[in-house]
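Chemist: Let's see this in three dimensions:
(2 chains)
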Amino acid sequence: MNRGLNEQPLEPMQPVRALAQAQRAKVLEATARLRELPGALLPVLHAVQDALGYIPPDAVPLIAAELNLSRAEVHGVISFYHYFRSAPPGRHVLQICRAEACQAVGAVALEKHARDRLGIGFHQTTADGRFTLEPVYCLGNCACGPSLMVDQELHARVNAQEFDTLLEALP
Amino acid sequence: MNLRLFLSRDATALALGAEDTARAVFTMAKRRRATVELVRTGSRGLFWLEPLLEVQTEQGRIAYGPVFPEDVPGLFKAGLAHGGQHPLLLGPTDQIPYLKKQERLTFARVGVTDPLSLDDYLAHEGYRGLHKALEMSPADIVRSVTDSGLRGRGGAAFPAGIKWKTVLDTAAPRKYVVCNADEGDSGTFSDRMLMEGDPFLLIEGMTIAGLAAGADRGYIYLRCEYPHAHRTLTEAIATAYARGYLGKDLLGSRRNFDLEVRLGAGAYICGEETSLLESLEGRRGQVRFRPPLPAVKGLFGMPTVINNVITLASVPVILDRGAEFYRDYGMGRSRGTLPFQLAGNIRHGGLVERAFGLTLRELLYDYGGGSLSGRPIRAVQVGGPLGAYVPASRFDTPLDYEAFAGIGAMLGHGGVVAFDNTVDMAAQARFAMEFCAHESCGKCTPCRIGSTRGVEVIDRLLAGHEPDRQEALLRDLCETLTHGSLCALGGLTPAPVLSALNHFPEDFRSPSRVKAYGP
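Modeler: Okay, here's the model as predicted:
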């Protein structure tokens, strides 16, 4: 019942390992392009996540060094924001809106259906690596909920049946 | 046959299938060898009619909706070009009662023009406010905004002119304009609609704010849940730069204004202005102590005008038509218009821009048409997740900042979320605490710890463990949150919790309704 509260346990900082060469290049591309911006950390983290799908814990020391920040500062920012992820997502990210306007038209039932159907909870990825399930608090589609974002595509009035249809159409 | 058609590419319209409708239109046009120009607009905000297809006729624009791909062949057969008879025909768009009864000042162009066409914007009275502002002294611009009575539309309703004056009067080597586009409140989408439907209006409003406050750099802090708005804003800003409406020497005035979009990262708290500034500076979005106010010491320690999207987008019309024009709308100390957003379990959900003063009942029934499910509306949450739940007995309250404060509620950003009589208000109260726990920035103890304890107390109350004691404890905890929190997240979470408890006590004690939220 308290799952909502325990969704994000505190994660200790991970020990540093070498970052794969290709990932390292992407991270350096992002820091080189954006480091001069005032308050560059969020734009850099967005760029890294856009390029790699997540922010590898091993990229933290590199980002910190390039932006002249401490590892703790970078880790602290990554762990503060719900959007940033430290593990690779599945092929498709499903974001289900849990907020009030969607609750008023059946979001709680949709959420339960999604968990049952996929056999996973929030912040988890299916064993076959196809889907990652994430909660989201409002997609701005509040007149036509329940709302579901599949990767970058928004869907309106999603019920259990519609959810299954959408999933079947995805590779 | 030459056809000029209009179809929205607003995120909700797309979510309802507008792209499929567009493809069907082109397929049909090809088959009938018709030349079709399909203008992609913002949304009129009549979401139960989206995808709304409009056609330009000699009598003006005629609407059909909702138009799905399978309806398109029939529409062509019915003589779409002349507004021919069809079951989906809605008549002249601006005569649809939902639209006709509105007072669209800020949303005048949304759904009408091509959002990315600067020429369209200029042809529809765009940039007239900026031209006036360029002729005025900063103090005169600020006076206009003050005289208009415009108050912050993000929720706090602080007079915009006073904020601007503080920034203008504070000497500093650099000043900033920041637009708060972190529209995280459930039930609100007016910022999104405006940014997707009329981005140049926001750019113009921010440029005017820059002139007024003596700031030459602006940021739009946009939530990352709005990818469509991000694309539209980015493209519109590039166009404005290319045409001399942004950058150095604005329109030959020797004034500069640079503008950039920055993305948030899924933290509700970053809608709180000091937390937003921390985030823009590249840090955890933790709330700052006040004073100093952001108007004195804001972004990077410099005086900063920070306003919501709708506040800034209301400025051009005030400069263009004059402060009196704007002030003449509204009631009491709530001047001008507010774009209300009808959401949740409502038949006719959408955007209703009206002067302050109409009642919640008019909004829910005259516009909204009652609940989507057809059941009675039992509760309405106004003003987002920190807003109170209003019971049916208070539906005749006028939508006005002070009147709502008078019933222990708030208008906030104008979001109205309806719930029918299947709602479990105890679950809603629990969710409010859970949400606060999830989104707390962690800086102050009442919010960080109190919200988690709040969920536990509600669980014990619902489980029937010494319910009187738990209720007393919950009320006491809410008192601590209200008075001891650093910002509105902890400070206002008690509003939905206590309004649910006070207006719907039966849901907290009746065994049949005692069920906790979630699986």
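Chemist: hey, let's count contacts and neighbours off CA atoms from now on
Modeler: Will do.
Chemist: I'd guessed B:E278 sits against B:Q286; true?
Modeler: Yes: look at B:E278 against B:Q286 with C-alpha atoms under 8 Å: they come within range, at 6.6 Å.
Chemist: tell me the contacts of the most centrally placed residue in chain A?
Modeler: The centroid of chain A falls nearest to A:Y83 when counting by C-alpha atoms, centre = their mean (4.6 Å). Each residue near A:Y83 by C-alpha atoms under 8 Å, 6 or more residues apart in numbering or on different chains is listed here: B:265-267.
Chemist: now, which of the residues you listed lie close to chain A?
Modeler: Residues of the contacts of A:Y83 in contact with chain A (C-alpha under 8 Å from any C-alpha of the partner chain): B:265-267.
Chemist: Please identify the residues of the stretch 151-300 of chain B in proximity to chain A?
Modeler: Near chain A, when you scan the stretch 151-300 of chain B using C-alpha under 8 Å from any C-alpha, you find B:183-189, B:192, B:225-227, B:262-268, B:279-285.
Chemist: In helices only, show me those.
Modeler: B:192, B:227, B:279-280 (DSSP state H).
Chemist: and B:G161, what is it in contact with?
Modeler: So B:G161 contacts B:142-147, B:149-151 (C-alpha under 8 Å, 6+ apart).
Chemist: what about it, distance to chain A?
Modeler: 28 Å (C-alpha to the nearest C-alpha, to the nearest Å).
Chemist: Nearest spatial neighbour of that residue, chain-adjacent residues omitted?
Modeler: B:T146 (4.1 Å; C-alpha to C-alpha, 6 or more residues apart in numbering or on different chains).
Chemist: is it true that the one you found touches B:K163?
Modeler: No: counting by C-alpha under 8 Å, B:T146 sits too far from B:K163 to count as a contact (9.4 Å).
Chemist: Name the nearest residue to residue 57, ignoring sequence neighbours.
Modeler: Since you didn't name a chain, this refers to chain A. A:P57 sits nearest to A:S86 (C-alpha to C-alpha, 6+ apart), 6.1 Å away.
Chemist: if you could check chain B rather than the one you did, that'd help
Modeler: B:H82 (5.9 Å).
Chemist: Any idea how many residues pack against that neighbour?
Modeler: Neighbour count of B:H82, defined by other C-alpha atoms under 10 Å in any protein chain shown: 15.
Chemist: Quick check: B:T35 touching B:A29?
Modeler: Yes: using C-alpha under 8 Å, B:T35 makes contact with B:A29 at a distance of 6.6 Å.
Chemist: So if I had to pick from the two, which one is more boxed in?
Modeler: B:A29 (19 against 13).
Chemist: need the contact list for the residue nearest to B:G161.
Modeler: Counting by C-alpha under 8 Å, 6+ apart, B:T146 has contacts B:159-162.
Chemist: Show the end-to-end separation of stretch A:68-85, please.
Modeler: End-to-end distance for stretch A:68-85, by C-alpha to C-alpha, to the nearest Å: 22 Å.
Chemist: and that stretch, average pLDDT?
Modeler: Mean pLDDT, stretch A:68-85: 97.
Chemist: helix or strand for residue 66, which one?
Modeler: With no chain named, the answer covers chain A. Assigned by DSSP states H and E, A:E66 belongs to helix A:60-67.
Chemist: you looked at the wrong chain, it should be chain B
Modeler: Per DSSP H and E, there is no helix or strand for B:P66.
Chemist: repeat for B:I162
Modeler: Short version: B:I162 belongs to helix B:160-169, going by DSSP H and E.
Chemist: pretty sure the residue nearest to A:P57 is touching A:L52, no?
Modeler: No: in this structure A:S86 lies outside contact range of A:L52 using C-alpha under 8 Å: 10.6 Å.
Chemist: still on that earlier bit, quick one: secondary structure of the residue nearest to B:G161?
Modeler: In three-state terms, and counting by DSSP: H, G, I helix; E, B strand; the rest coil, B:T146 is helix.
Chemist: Same check on B:L5?
Modeler: Relying on three-state DSSP, one would call B:L5 strand.
Chemist: domain parsing for the chain?
Modeler: The chain I'm using is chain A. Listed by automatic domain parsing, the domain ranges of chain A are A:21-80, A:92-168.
Chemist: wrong one, I was asking about chain B
Modeler: When chain B is cut into domains by automatic domain parsing, you get B:2-99, B:118-327, B:330-420, B:425-513.
Chemist: for the stretch 401-519 of chain B, which spans come out with low pLDDT?
Modeler: Where the stretch 401-519 of chain B drops to pLDDT under 70, the residues are B:511-519.
Chemist: can you pull out the strands in it?
Modeler: B:415-420 (DSSP state E, counting those that start in this stretch).
Chemist: on that earlier part again, just the closest of the ones in helices among the residues of the stretch 151-300 of chain B next to chain A to chain A, please.
Modeler: Comparing these against chain A with C-alpha to the nearest C-alpha picks out B:L280 as the nearest, at 6.0 Å.
Chemist: Identify the bridge partners of B:V39.
Modeler: Per DSSP bridges, the residues bridged to B:V39 are B:F6.
Chemist: now the helices: where do they sit in chain A?
Modeler: A:21-34, A:41-52, A:60-67, A:71-80, A:100-103, A:107-118, A:160-168.
Chemist: Now do the contacts for residue 71.
Modeler: The chain I'm using is chain A. So A:R71 contacts A:60-61, A:64 (C-alpha under 8 Å, 6+ apart).
Chemist: Check B:R243 too.
Modeler: Neighbours of B:R243 in contact, by C-alpha under 8 Å, 6+ apart: none.
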